[in-house]
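J.: No sequence on hand, only this structure:
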């Protein structure tokens, strides 16, 4: 989906541009996917599972720009990709069309600067414009920092998925299910 850029001021005084994540960012996205997957256990994939080529990522991002039910946002600080956020429909069936899902991640060096809140708030605004009524997300139970952020942005815990993830060390981790009512 195409949407207007938005510039925010970070807690350290720098500016961050929130813009559509397009094919022009494919090289940075490839690096981002690999590095962020290695910086935290809380993302869905491991660093060695990032196998897409630059061309595949560029094509995926290009298709996303043309899809009105896919909101892919990049956060750019000093010309560098700092993080991404994405909102996408849960399903095409009429019974699910009111719901969307949120996913965000940032490079660790950009944590705590206000980018996460800004990404979520802008994504929520755009999701309402699409017509979605509910936004869902899942977060690893031990990821307390993310849970604080989501609650600050209005998300409510609704349940838990037991042993939803198994880390490489063999440990199992629950996911917390959260949602935000977009109708209000």
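T.: Right, received. Where do you want to start? Keep in mind that what you see is a predicted model, and the values were worked out from it rather than measured.

J.: all strands of the protein, in order?
T.: Under the criterion DSSP state E, the chain contains strands at 6-9, 15-20, 70-77, 80-89, 99-106, 134-140, 156-166, 172-181.

J.: Which other helices and strands does the first one contact?
T.: Looking back up the chat, that one is strand 6-9. For strand 6-9, the elements it packs on are strand 15-20, helix 115-130, judged by 3 or more C-beta pairs under 8 Å, 6 or more residues apart in numbering; DSSP states H and E. The way it works is simple: take the backbone N, C-alpha and C, and place the C-beta from them, glycine included.

J.: show me where pLDDT drops low in this protein?
T.: Residue ranges of the chain with pLDDT under 70: none are present.

J.: residues contacting the residue nearest to the spatial centre of it?
T.: Centrality entry for the chain: nearest residue to the mean C-alpha point is residue 104, 2.0 Å, by C-alpha atoms, centre = their mean. Contacts for residue 104 were tallied using C-beta atoms under 8 Å, 6 or more residues apart in numbering; they are 83-86, 116, 119-120, 123.

J.: Neighbours of residue 20, how many?
T.: Using other C-beta atoms under 10 Å, residue 20 is surrounded by 18 other residues.

J.: Does it touch residue 6 like I think?
T.: No. Look at residue 20 against residue 6 with C-beta atoms under 8 Å: they stay out of range, at 10.9 Å.
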